[in-house]
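A.B. asks: sharing a sequence plus its predicted fold:
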Amino acid sequence: MGRSRKPLFPQGDPGFESQSLRQDVYWMVWQMNDYRPLCIEVGGVSLLLEIPSFAHGDLQHHYRDFLCEDSINPALRVSVHLEKKDVPDGASRILDGVNLELHQLDSQYFLRFRRDTAVAVLSESLDAADLYIEYENLSLLYRILPEFLISTSLPRHGGLLVHASGVVGSKGGVLFAGPSGEGKTTLAAIAEERGFAVINDDRIVIRRSGSGFWMHGTPWWGEFREQSALESPLDFMFFLVKDSRSFVEEISKSRAAALLMENSFGLSLNSIFRKARVDLCTQILDGVGTAALHSKGDGSIWEALNEYLA
């Protein structure tokens, strides 16, 4: 650290006559080593971003509900560098995803982003990363890299990032988990119309608190395009299933475990990560009620839900 300075444009981007001039100025600022730290916290895990000053304002606004002061001892760190870097020869590809590839060489991991000319070099414990990018690829800091690091590290900190929407009402906190297209946002919209508070419609962190579990909002939304740092005790978790009618189905703990693993994020890179994730899923299912919620995608799903929770 130790390279923070005053922002070049404290009142924001002054505007430029051309994109090329903007790029030249930003490149010059970066070469001047003009960086500022920004610390965020999601689900109890803090992440320190060391970023160029001209990007600080936008990222600070984006994460405005998740800012924290733990810049001395954060759980995770990311340092940004304006230079190109590629995955070294000899590295083995261990993950081939839609948006990224993960490679390993000795004790280091290399994350290559498919749509951007960027590579992140990760420590073996995934608690530190050096991101090598061009300035136009700073959008990676809004979601993909922070979500990857936090979701993978969360189980070791007692939390789990789940593909789910979460709402809070008179019956407590309820989570609806399922893959894309199963109705998470639809349920969130119906809940909001009925006066429930929507924590998030796509990404929820489940985290142990005392003798129970809580759900926490994240800065990564679905169709709502809203973020919330709301949190609530988690009283029940439903796994969504598209069907020709709406009803609630009791399910076994083994099926619930498989569904929770399928609908959670984070890589089990080694035995330590794997054990932390499996143990946490087991603890969640021991403390939170679960069922499958079948839905035909209309208002009848809420009637089935109310009848079950009555």
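C.D. replies: Structure's in. What do you need? Numbers count the residues shown, from 1 in each chain.

A.B. asks: state the pLDDT value of H157.
C.D. replies: pLDDT for H157: 92.

A.B. asks: can you check the one 3 residues further on too?
C.D. replies: The score at L160 is 97. That number is its pLDDT.

A.B. asks: tell me the bridge partners for it.
C.D. replies: Under the criterion DSSP bridges, L160 forms beta bridges with I206.

A.B. asks: go on, S264?
C.D. replies: V162.

A.B. asks: list the residues that contact it.
C.D. replies: By CB atoms under 8 Å, 6 or more residues apart in numbering, the contact set of S264 is L160, L161, V162, H163, R277, C281. Any C-beta I mention is one placed from the backbone N, CA and C, and that applies to glycine too.

A.B. asks: nearest to I251 among those residues?
C.D. replies: Of all the contacts of S264, I251 sits closest to C281, with 14.5 Å by CB to CB.

A.B. asks: what about the closest one, how many residues nearby?
C.D. replies: For C281, the count of nearby residues is 19 (other CB atoms under 10 Å).

A.B. asks: helix/strand/coil for the closest residue to it other than its chain neighbours?
C.D. replies: Distance criterion CB to CB, 6 or more residues apart in numbering; nearest residue to C281, sequence neighbours excluded, is L260 at 5.1 Å. Taken by DSSP: H, G, I helix; E, B strand; the rest coil, the conformation at L260 corresponds to helix.

A.B. asks: same deal with P219?
C.D. replies: Secondary structure, three-state DSSP: P219 is coil.

A.B. asks: tell me the SS of the nearest residue to it once chain neighbours are set aside?
C.D. replies: Excluding the flanking residues, the one nearest P219 by CB to CB, 6+ apart is Q227, at 4.7 Å. Here Q227 is coil, with the state taken from three-state DSSP.

A.B. asks: got a pLDDT number for Q227?
C.D. replies: 72.

A.B. asks: that one: neighbour count?
C.D. replies: 19.

A.B. asks: now the one 4 residues further on
C.D. replies: The criterion is other CB under 10 Å. On that basis, E231 has 20 neighbouring residues.

A.B. asks: so it makes contact with I206?
C.D. replies: No. Applying CB atoms under 8 Å as the test, E231 and I206 come out as separate, 10.6 Å apart.

A.B. asks: what touches both of these two?
C.D. replies: Common neighbours of E231 and I206, counting by CB under 8 Å, 6+ apart, are W214, M215, H216.

A.B. asks: run through the bridge partners of the first one.
C.D. replies: It stands for W214. R207, P233.

A.B. asks: so what's it up against?
C.D. replies: Listed by CB under 8 Å, 6+ apart, the contact set of W214 reads G173, I206, R207, R208, E231, S232, P233, L234.
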